[in-house]
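A.B. asks: Build me a structure from this.
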Amino acid sequence: MFKYGVISLIVVLFITGCSQGSAESQRVDIAKQYLEEKGYTMIEHIMTVEPFILTESDLLETYHIQIWQLQMLDVEQYIGKMINGEVFLINNHPLDHYENGTIKGLGYTHVHLLIVDDVVIGGTASPVTEETIFGAPYSLEGKTFEDLYPNENWREWTDKWIEKYTK
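C.D. replies: So this is what the prediction gives:
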């Protein structure tokens, strides 16, 4: 009897593990297709980011503010949803030719895609350089906050954001 219980447990764990791997593989395929449709050339899938459920308190963290301010969507529709992420190394992207003073792009770009219910909803990008770049990421298309919101003051926008999500 014990032997059958152990065998059943192993079968259940195997099936669960395969289905999780299958879901991750499906997200990677969806993300690759999305990037290819954008005209980017896939070099490498770097990693799958630990999924999380987006909360209002997340939206008060600097990390999340910097990411969500670059998405041209209503973030509120994603509160309470599972956010998955896939990170890729690509080229044929505007940030491949990044240049800021002595810091120059190496012809590649890292992108971090945000995926909800197997749909890419946005993401961020950063140029690959030999030196470390500090500051906020770029939008998936390589734009800054100022590019996306030319008539907005970043400090005022951020203050409104924080006020909106502070309980």
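
A.B. asks: First-to-last residue distance for stretch 51-63?
C.D. replies: 15 Å (C-alpha to C-alpha, to the nearest Å).

A.B. asks: buried ones in that stretch?
C.D. replies: 54, 58-59 (16 or more other C-beta atoms under 10 Å). Glycine gets a C-beta too; all of them are placed from N, C-alpha and C.

A.B. asks: show me what contacts the closest residue to Thr41 other than its chain neighbours?
C.D. replies: Closest residue to Thr41 apart from its sequence neighbours, by C-beta to C-beta, 6 or more residues apart in numbering: Asn92 at 4.5 Å. Contact analysis of Asn92 by C-beta atoms under 8 Å, 6 or more residues apart in numbering lists 39-41.

A.B. asks: Who wins on neighbours among the residues you listed?
C.D. replies: Tyr40 (20 neighbours; other C-beta atoms under 10 Å).

A.B. asks: can you pull the buried residues of stretch 70-85?
C.D. replies: 70-71, 75, 78, 83-85.

A.B. asks: how about the strands of the protein, start to end?
C.D. replies: If DSSP state E is used as the criterion, the strands of the chain fall at 41-53, 82-91, 99-100, 103-116, 119-129, 138-139.

A.B. asks: Relative to the second one, what are the paired strands and their orientations?
C.D. replies: In the sheet containing strand 82-91, its partner strands are strand 41-53 (antiparallel), strand 103-116 (antiparallel), by DSSP bridges.

A.B. asks: would you list those in JSON lines and tack on mean pLDDT?
C.D. replies: Converted to JSON lines, the strands paired with strand 82-91 look like this (pLDDT from 0 to 100):
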{"stretch": "strand 41-53", "mean pLDDT": "95"}
{"stretch": "strand 103-116", "mean pLDDT": "96"}
